[in-house]
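Asks: My questions are about this predicted structure, shown below with the sequence.
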Amino acid sequence: MANLQHYYEREEVRRRMVEFLGGPCLEEATCAYVTAEGDSSPPDFRPRMPGELWTCLEQGLEVSRSLWDRRSLLLHVDMEYVNFDYPAEPYLDPERSLELQQPVIRGLQEHLLAYGIAPLHLLSGRGHHLVWRVSRGSRAFRRLNELGTVADTLEGIYRQPQPPRGEAVGNELGAAFAGAGQTLEFLAHQVLAELRRSPSVPVQVTDVETARGMRGREVVCLDLSEYGDPLNTRIVRIPFSVYHKPLQYRAALGRHIVDNMPPLFLVPLFEMDRRQGLLAMRDPLVAAELARAASVDIPDQSEGTERLVEAYAASSTAAFHRWFYSREHEPPDRWPQTYDRTPLNALPPCARRILVQPNDSLLKPAGIRHVVRSLLALGWHPRHIAGLIRSKYERNFGWGHTFYHYDAAARADFYTRLFAGLIAAGLDALDDFQCKDLRAIGYCTQADCNESLTHYRASLAERRRHERLAGRPLNGLFLPNEHIGLPGGDPQQRFRAD
């Protein structure tokens, strides 16, 4: 702790942290708030005024800033290595975990550069962060605002005063944040389309559990999950902050492993390769020296982002998003006549179990994806799949305070849109939509199941092949029997009702 306090006292480290918060000093910082966490679990999410940063550093805390900025829209892409069986793997073999991520981070950077976007590149304990900003006065911001779709419930949150200043996000910024999430989903599709034949471990757009390989169930996660939650709840670590996550998860990682680890720091990859970055993030003296030369000012990339947004607006991804939002959730007062009457016996037992006992399988991306695939195979429109999931989130299944802090409708929409969009784009090959794969990740007990997912998988593949992704849902309540076209993007791409 004494070495960490000495590190945090260094003027060059503090100067860089202030730079990342926006503005020349803490009093003029453009971030809405900062947060601080200790080395114990669970993390403490408590928005603080930026002026409290020095007190947090004196206590040796890990510090983060709000993704919510008072002058700009921040765009953030988080990528990391995840091992569901051996969570200490990225800390024990960091070079391998970064090597596995290299094709993805290279693809992201090449695509962003093609649009003229050069983000700030940060290295963390498990992977990479790319961060840039868009001016609120720019055309890029206006287009993101126009394209973004925000759930009604989330609009209500954005009108409410939030801590620590009592300011509201506002629907203009909220819609632009939603548009950013949709645009980055398009970017992820571009990167994934080029990676389908090359990755040595699965690449997922969130931390979806996968089958066991030589080193357990491991994935490279291109994580867009923050765009499924209210902007005012999401944070990004401040460069040169200590990285306390291993200490917070001692029990899961193994105390003997964590106790022998050096302190870790979030550092910018400034004029160095990833091996040099690993050395810098594991040595406070090297990290502090790096702070002398490496700026962490979040760059304004409004012009390049405008080009990215326009490419998204003309894409089949955007066309799918328009089709997705062409339907509304059934209103809560109608759930007893609609979603609650879903005939679950038409679903495979593994998907049925998730909907009957949703906590905590329906909070996990793999569980959500399985429900989405199963219902799409039976002809549900994806927006109504999201509505059904929302209806579970807003019922008392022991969620605790989860959906007081986050928004049920927005999260249900995000994950359903994400997984359905990958299927529609042909980026989800459905290879692991099989009983053996569900058993491998613990979603099939096999004890009470005499069914097979073969027919569901074949139905979904056939629907996609013939561009009939959505038809009548199970009880015929939600979709009319009509042709649904997708304007824009690929003129051959259409989704029709049965």
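Replies: Looks like it arrived, so ask away.

Asks: What ranges does the stretch 151-300 of the chain have for its helices?
Replies: Listed from the start of the chain, the stretch 151-300 of the chain has helices (DSSP state H, counting those that start in this stretch) covering 152-159, 171-195, 245-248, 250-253, 255-258, 274-281, 284-293.

Asks: and the last one, what other elements does it pack with?
Replies: Contacting helix 284-293 under the criterion 3 or more C-beta pairs under 8 Å, 6 or more residues apart in numbering; DSSP states H and E are the following elements: helix 2-8, helix 11-21, strand 267-268, helix 274-281. Every residue, glycine included, has its C-beta placed from N, CA and C.

Asks: Out of the ones you listed, which one sits most buried?
Replies: The highest mean neighbour count among the helices and strands packed on helix 284-293, using mean count of other C-beta atoms under 10 Å, belongs to strand 267-268: a mean of 26.

Asks: can you list contacts of that strand?
Replies: With contacts defined as C-beta atoms under 8 Å, 6 or more residues apart in numbering, strand 267-268 is touched by 120-123, 239-240, 277, 280-281, 287, 290, 294-296.

Asks: hang on, the earlier thing: quick one: the helices of the stretch 151-300 of the chain as a markdown table, columns for distance to Glu226 and mean pLDDT too.
Replies: What follows is those, written out as a markdown table (distance: least, C-beta to C-beta, whole Å; pLDDT from 0 to 100):
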| stretch | distance to Glu226 | mean pLDDT |
| --- | --- | --- |
| helix 152-159 | 14 | 97 |
| helix 171-195 | 8 | 97 |
| helix 245-248 | 16 | 92 |
| helix 250-253 | 22 | 92 |
| helix 255-258 | 26 | 93 |
| helix 274-281 | 22 | 92 |
| helix 284-293 | 25 | 96 |
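
Asks: any chance of those helices in CSV, with distance to Arg234 too?
Replies: Shown next, in CSV, are those (distance: least, C-beta to C-beta, whole Å):
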stretch, distance to Arg234
helix 152-159, 13
helix 171-195, 9
helix 245-248, 16
helix 250-253, 23
helix 255-258, 26
helix 274-281, 23
helix 284-293, 25
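
Asks: quick one on the thing from earlier: what's the closest of the helices and strands packed on helix 284-293 to Gln102?
Replies: Nearest to Gln102, of all those, is helix 274-281, at 7.8 Å by C-beta to C-beta.

Asks: Using PDB, list the CA coordinates for the closest one.
Replies: Extracted as PDB, the C-alpha positions of helix 274-281 are listed here (Å, rounded to 0.1, in the frame of the first residue of the first chain):
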ATOM      1  CA  ARG A 274       1.900  -5.200 -26.200                       C
ATOM      2  CA  ARG A 275       4.900  -6.800 -24.600                       C
ATOM      3  CA  GLN A 276       6.300  -3.500 -23.500                       C
ATOM      4  CA  GLY A 277       2.800  -2.600 -22.400                       C
ATOM      5  CA  LEU A 278       2.600  -5.700 -20.200                       C
ATOM      6  CA  LEU A 279       5.900  -4.600 -18.600                       C
ATOM      7  CA  ALA A 280       4.600  -1.100 -18.000                       C
ATOM      8  CA  MET A 281       1.300  -2.200 -16.500                       C
END
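
Asks: Contacts for it, please.
Replies: With C-beta under 8 Å, 6+ apart as the test, helix 274-281 has contacts from 94-95, 98, 102, 123-125, 243, 264-267, 269, 272, 286-287, 290.

Asks: ok, 10 Å please
Replies: 94-95, 98-99, 101-102, 105, 121-125, 128, 240, 243, 262-270, 272, 286-291, 294 (C-beta atoms under 10 Å, 6 or more residues apart in numbering).

Asks: Same question for stretch 167-176.
Replies: 32-33, 68-70, 72-73, 75, 134, 136, 140-150, 154-162, 177-178, 230-232, 410.

Asks: quick one: Ile105 and Asp78 touch, right?
Replies: No. Using C-beta atoms under 10 Å, Ile105 makes no contact with Asp78, being 11.2 Å away.

Asks: Identify the contacts common to the two.
Replies: Counting by C-beta under 10 Å, 6+ apart, the residues touching both Ile105 and Asp78 are Gly127, His128, Leu130, Leu222.

Asks: would you list the residues you listed in CSV and tack on secondary structure, distance to Leu469 and neighbour count?
Replies: Formatted as CSV, the shared contacts of Ile105 and Asp78 follow (DSSP: H, G, I helix; E, B strand; the rest coil; distance: C-beta to C-beta, whole Å; neighbours: other C-beta atoms under 10 Å):
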residue, secondary structure, distance to Leu469, neighbour count
Gly127, strand, 32, 24
His128, strand, 33, 24
Leu130, strand, 31, 20
Leu222, strand, 23, 26
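
Asks: in this protein, which ranges drop under the pLDDT threshold?
Replies: In the predicted model of the chain, residues 1-2, 196-198, 446-448, 450, 471-498 satisfy pLDDT under 70.

Asks: Need the three-state assignment for the closest residue to Tyr325 other than its chain neighbours.
Replies: Among residues not flanking Tyr325 along the chain, Thr149 sits closest, at 4.8 Å (C-beta to C-beta, 6 or more residues apart in numbering). Taking DSSP: H, G, I helix; E, B strand; the rest coil as the rule, one finds Thr149 in the coil state.

Asks: ok, now Ser64?
Replies: strand.

Asks: Could you check how many residues crowd around it?
Replies: 22 (other C-beta atoms under 10 Å).

Asks: The residue nearest to Thr210 when sequence neighbours are not counted and Cys221, how far apart?
Replies: Distances taken as C-beta to C-beta, 6+ apart place Pro202 nearest to Thr210, at 4.8 Å, with adjacent residues excluded. Pro202 sits at a distance of 9 Å from Cys221 (criterion: C-beta to C-beta, to the nearest Å).

Asks: The two: who's more crowded?
Replies: Cys221 (24 against 17).

Asks: Who are the contact partners of Asp78?
Replies: Taking C-beta under 10 Å, 6+ apart as the criterion, Asp78 is in contact with 122, 124, 126-131, 221-226, 236.

Asks: Where strands are concerned, which of those residues count?
Replies: Leu122, Gly127, His128, His129, Leu130, Val131, Cys221, Leu222, Asp223, Val236 (DSSP state E).

Asks: could I get those as JSON lines with distance to Ala188?
Replies: Putting those into JSON lines (distance: C-beta to C-beta, whole Å) gives the following:
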{"residue": "Leu122", "distance to Ala188": "19"}
{"residue": "Gly127", "distance to Ala188": "15"}
{"residue": "His128", "distance to Ala188": "14"}
{"residue": "His129", "distance to Ala188": "15"}
{"residue": "Leu130", "distance to Ala188": "12"}
{"residue": "Val131", "distance to Ala188": "16"}
{"residue": "Cys221", "distance to Ala188": "11"}
{"residue": "Leu222", "distance to Ala188": "6"}
{"residue": "Asp223", "distance to Ala188": "10"}
{"residue": "Val236", "distance to Ala188": "18"}
